[in-house]
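>>> Structure for the following, please:
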Amino acid sequence: MRSSINALELGWYTPSLLKQLINSILVAILLAVSVAAFSQHKGVIRQYDLATISASPTWHRLIHYEKGMVSSGSGVTSASFFLSSTGQDDPEKELKATIQALIETPSMQCRFPARKIWLTHIMPDLSFPEVYCPEYQQYMEAFRTDSISVVYASGYLGNPASMYGHVLLKFNSNGSTELLDNTFSYGAMVPDADNKFVYIFKGITGGYQGHFANQKYHHQNLAYSEAELRDLWEYQLDLPQGKIDFLLAHLWELDNTSITYYFFKQNCGYQLAKLLELVVDQPLLAPKKIWVMPYDLVMMLNKPEAQHYINKVVYHESRQEKLYNRFSQLNVDEKNSVKKIIELPVDEILTVIRALDEQEAKRVIDTMYDYYAFLEIKHDGLSEEEVSKRAKLLAERFYLPAGKTSWEKSNKRPPHKAQDTAMLQLSPLYNDAFGEAINLRFRANYYDLLNINAARIPFSELNTFDLSLLYTSEKNSWSIRELTLFHVLNLNVSQTGLAEDKFHAWSLSAGYKPNNLSCIDCSDMYMSGFIGKSFNLMNNSAGYLALAGEIQFSDLSSGIAYLGPEIGAVLNIAPYWVTLFKMGSGYNVNEIAEHKNYIKWEQRFFQSRNFDFRTLVQYDEAFEYAIKFSKYW
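Residues are numbered from 1 along each chain as shown. The predicted model follows:
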């Protein structure tokens, strides 16, 4: 008793000290109970070969572990994702640490529910302590659904991050509007201060971290379909409820988890493919490729061995495409009325509408509403006159009898009907200057004007890493003839001819190529491009007239610049026959009297996603004739 009084007098005994003592005792008791619990399970655990289980593809996918030619390990960079200090590089140790943690610390089941689900399935004799996870349960109740979809957003040439398209997961609710559906997408975390050139460099070299983000579908629809005018294609998957819940459980585990992002491989297409491989019993990464594109996931899901997972395909047209579709269905009088409304002052537009019959008036007003919605996106707002015209047209629509206007749905072909993106091409050729030769070409991606380009930007080209090797009889050896680092072209063909539905045709390229066709070893670095106007031709064909320029340089100290006119056309004669023609003149800007002419006529035959046959006639100081056999994958 005295000693206690002395302790109080000396201040050793305080309420905080008592609290720490009680906490220590409770921790010790819990630790003892946990150790005892784990000891009871050791006998059951010994029944299983953990080394074999840890080598399971599903376990590797759960911890994002991959074997590489040089090194192996998990792509996840967040330390909190691993329960073993060496779990990032050792699947077996991470498995053992996971089993122990789920038993000794039951609350870890709330952090890693997918791991628990899988372990319960793969080790049925092992029982885990019961635990209640309120936050996880709320998440599952909010996200639970009976179907999921892979949504593919078509390419957008206005941003390097979007040129190759994008894929995301959509969890389909049973509610009245899909705009409130939940989505998950993977992307790089890019600081606002990084410009496009910084983004390209860091994206290629792994300078960004990526993560899965959840947003409502209306946000994705606004960003892609409305703001960037990109079509969305939804591939609804046929998966049982258990697999959907397993997928949701793993997405819960990935919350606040970072993975190194690489533009040409560990991108949205790659991460969604690896994620879906948890529930789809087929490989979803394209074989024989060291790079991954968003399109590849759509292509792999539509392979014969995986196609049974596709329940249906739904097309969500962009705001621009909705305008094009409706305008194309108008008769001549209705189209003329649309053009008059755009041109006339506000006070005169109702005269145009009232000259039409009821159905025609409804169709014109509906089309004008889409036109102004398109302009609002294009110009980030409407002028005062456009706002007034839209208000008058909507008021007039209320005076007309109720009832919807019938429109035919667009019959656009889905992305999986397009030609595959990697190409290997063999071309026997004859050149006026050096005779017979063979050209071997490899294009990593993506497409050109002659490809079967379903669900891609009409009349556009996008190529990266396009290498051509030339073997000539004259030299009896191979040489690098051309290497295109990138080539982007967009004719921006107007589908309506309306005043504001007009954009410039443009092109930009860079790489290494011959100065002309009359020589073998005369390739230099170059940058080229054009800007001009395009025009719509019949039968899904287009032409253009542009001012083209090119700079050729063997080093960074000097070069030759050419500038001149170029005219060209793409003619879709039949699904199995497309022809491209262009011709132009380039004038040396330093010696204006020096100029060169060039011509190119190329045709594609056959209608196959996997191969085609082409012919080529071109001229640049020498004529060259070639037959091309192309294989795609």
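>>> Nearest residue to the spatially most central residue of the chain in space, please, no chain neighbours.
Centroid-nearest residue in the chain: His166, 2.0 Å away (criterion: Cα atoms, centre = their mean). Nearest residue to His166, sequence neighbours excluded (Cβ to Cβ, 6 or more residues apart in numbering): Ala153, at 4.4 Å. C-beta here means a position set from N, CA and C on the backbone, and glycine is covered the same way.
>>> Dihedrals phi and psi, the one you found?
phi -100, psi 130 (degrees, to the nearest 10).
>>> Quick check, it in contact with Tyr224.
Yes. Ala153 is in contact with Tyr224 according to Cβ atoms under 8 Å; the separation is 4.4 Å.
>>> what helix or strand does Tyr295 sit in?
Element membership for Tyr295 (DSSP states H and E) is helix 294-301.
>>> for that helix, the distance to its chain's centre please.
Here helix 294-301 is found 10 Å from its chain centre; the criterion is Cα atoms, centre = their mean, to the nearest Å.
>>> Equivalent analysis for stretch 399-417, please.
With Cα atoms, centre = their mean, you get 26 Å for stretch 399-417.
>>> end to end, how far does that stretch reach?
44 Å (Cα to Cα, to the nearest Å).
>>> Which positions within that stretch qualify as buried?
Pro414, Pro415, His416 (16 or more other Cβ atoms under 10 Å).
>>> For that stretch, which outside residues touch it?
152, 154, 165, 231, 233, 295, 298-299, 301-302, 313, 315, 317, 321, 325-326, 329, 358-359, 361-363, 365-366, 452, 454-456, 609 (Cβ atoms under 8 Å, 6 or more residues apart in numbering).
>>> Tell me the buried residues within these.
Buried among the contacts of stretch 399-417 (16+ other Cβ under 10 Å): 152, 154, 165, 231, 233, 295, 298-299, 301-302, 313, 315, 317, 321, 325-326, 329, 361-363, 365-366, 452, 455-456, 609.
>>> Name whatever forms a beta bridge with the closest residue to Ser258 other than its chain neighbours.
Counting by Cβ to Cβ, 6+ apart, Ser258 lies nearest to Gln209, which is 4.1 Å off, once chain neighbours are set aside. Note on Gln209: beta-bridge partners by DSSP bridges are Thr260.
>>> Return the set of buried residues in stretch 513-526.
Lys513, Pro514, Asn515, Leu517, Ser518, Ile520, Ser523, Met525, Tyr526.
>>> Farthest pair within those residues?
Across the buried residues of stretch 513-526, the longest distance by Cβ to Cβ is 19.1 Å; it joins Ser518 and Met525.
>>> Now do the domain split for this protein, please.
34-130, 142-316, 330-399, 418-632 (automatic domain parsing).
>>> Off-centre distance for the shortest one?
Between the mean C-alpha location of domain 330-399 and the chain-wide mean there is a distance of 35 Å, by Cα atoms, centre = their mean.
>>> just stretch 113-127 next, same as before
With Cα atoms, centre = their mean as the basis, stretch 113-127 stands 34 Å off its chain's centre.
>>> How about it, which residues are buried there?
Neighbour-count burial for stretch 113-127, with 16+ other Cβ under 10 Å as criterion, is recorded at Pro113, Ala114, Arg115, Lys116, Ile117, Trp118, Leu119, Met123, Leu126.
>>> With secondary structure and pLDDT as new columns, can those residues be given to me in JSON lines?
Output for the buried residues of stretch 113-127, formatted as JSON lines (DSSP: H, G, I helix; E, B strand; the rest coil; pLDDT from 0 to 100):
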{"residue": "Pro113", "secondary structure": "helix", "pLDDT": "98"}
{"residue": "Ala114", "secondary structure": "helix", "pLDDT": "98"}
{"residue": "Arg115", "secondary structure": "helix", "pLDDT": "98"}
{"residue": "Lys116", "secondary structure": "helix", "pLDDT": "97"}
{"residue": "Ile117", "secondary structure": "helix", "pLDDT": "97"}
{"residue": "Trp118", "secondary structure": "helix", "pLDDT": "97"}
{"residue": "Leu119", "secondary structure": "helix", "pLDDT": "97"}
{"residue": "Met123", "secondary structure": "coil", "pLDDT": "94"}
{"residue": "Leu126", "secondary structure": "coil", "pLDDT": "90"}
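>>> Of those, which is the nearest to Lys274?
Ala114 (13.5 Å).
>>> Counting neighbours, which bits of the longest strand belonging to the chain end up buried?
When the chain is parsed with DSSP state E, its longest strand is strand 558-574. Neighbour-count burial for strand 558-574, counted by 16+ other Cβ under 10 Å, picks out Gly559, Ile560, Tyr562, Leu563, Gly564, Glu566, Gly568, Ala569, Val570, Leu571, Asn572.
>>> you'd agree the last one is up against Ala542?
Yep, that's Asn572 we're talking about. No. Applying Cβ under 8 Å, one finds Asn572 not in contact with Ala542, separated by 9.0 Å.
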